[in-house]
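>>> Task: produce atomic coordinates for the following.
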Amino acid sequence: MDYGVVRAVQGDLIISPSLPRAVVQYGPDFIYLGDLQYIARETHHVEEFIFLSPNSQGHAVRLLLVHFEGFLENKEGNYEFLPQPVVQLGGEEFQYERYLINLQDDFARFPGSDMAHAASYIRQRAYTLAGDMSVQRFSRFVTPNRRNFFSITFIEENWERVLTPDTIQQPDAALHLLERATRSFIFLPEA
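Purely as a prediction, here's the structure:
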């Protein structure tokens, strides 16, 4: 991925001309907050689009992060991900994973993480974000050499601790989270 790749939001669509060439339509419950570009770990360029669904007090209860990442051309390496289950989105195969995080704990442990970058951006725009969150992440490599990947992450408050580390992997709980996540966007690959 070249630094400075221009992707754009037009209406309720994210238009990506390459890596991958695709369109992502976000759901009507979300507002487009903005996008970030930064260099991560001195080796990767990141472009991330941030969408949120706030309550009436301005607290982000759901997030949708559309993330493009790739090694800088002058850096060696490729991505290695552990095998995960797969799901079809727009006719393309995505690995997916789900987990729980406590935002404060996560930020303390990983202050330079993608989520920490997004949270800082959200807070700078006067929205609040805190507590236990359920995460459903979809990702795929977009080049055969695994130097670029694309992900869509759905994050929601874990109200009343409905999901726990024990229940999040159970089929019923997992299916409900997966359904809520896949209703929040549409992925459309372009030929």
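>>> before we move on, which element is the most centrally placed residue in the chain in?
The residue lying closest to the centre of the chain (C-alpha atoms, centre = their mean) is residue 153, at 2.8 Å. Residue 153 is part of strand 148-157, with elements assigned from DSSP states H and E.
>>> dump the residue contacts of the residue nearest to the centre of the chain.
63-65, 67, 135-138 (C-beta atoms under 8 Å, 6 or more residues apart in numbering). For glycine as for every other residue, the C-beta is placed from the backbone atoms N, C-alpha and C.
>>> ok, of those, which one's closest to residue 164?
Proximity of the contacts of residue 153 to residue 164 was ranked by C-beta to C-beta; the top entry is residue 135 with 13.9 Å.
>>> Now for residue 28: which residues touch it?
Counting by C-beta under 8 Å, 6+ apart, residue 28 has contacts residue 12.
>>> so what pLDDT did it get?
We have a pLDDT of 95 for residue 28.
>>> Give me the distance between it and residue 46.
27 Å (C-beta to C-beta, to the nearest Å).
>>> Tally up the residues packed near the nearest residue to residue 58 once chain neighbours are set aside, please.
Of all residues not flanking residue 58 in the chain, residue 127 sits nearest, at 5.2 Å (C-beta to C-beta, 6 or more residues apart in numbering). Counted with other C-beta atoms under 10 Å, the neighbours of residue 127 add up to 19.
>>> that older thread, then the strand holding residue 153 to CSV, C-alphas only?
Below are the C-alpha coordinates for strand 148-157, written out as CSV (Å, rounded to 0.1, in the frame of the first residue of the first chain):
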residue,chain,number,x,y,z
ASN,A,148,-1.7,-5.7,2.7
PHE,A,149,-4.9,-6.4,4.5
PHE,A,150,-8.3,-5.0,4.9
SER,A,151,-10.7,-5.3,7.9
ILE,A,152,-14.1,-4.2,9.1
THR,A,153,-14.6,-4.2,12.8
PHE,A,154,-18.0,-3.9,14.5
ILE,A,155,-17.8,-2.9,18.2
GLU,A,156,-20.7,-2.5,20.6
GLU,A,157,-21.2,-1.9,24.3
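>>> Tell me what angle the next helix-or-strand element following it forms with strand 148-157.
Downstream of strand 148-157, the next assigned helix or strand under DSSP H and E is helix 171-183. Going by axes from the mean of the first three to the mean of the last three C-alpha atoms, to 10 degrees, helix 171-183 is angled at 110 degrees with respect to strand 148-157.
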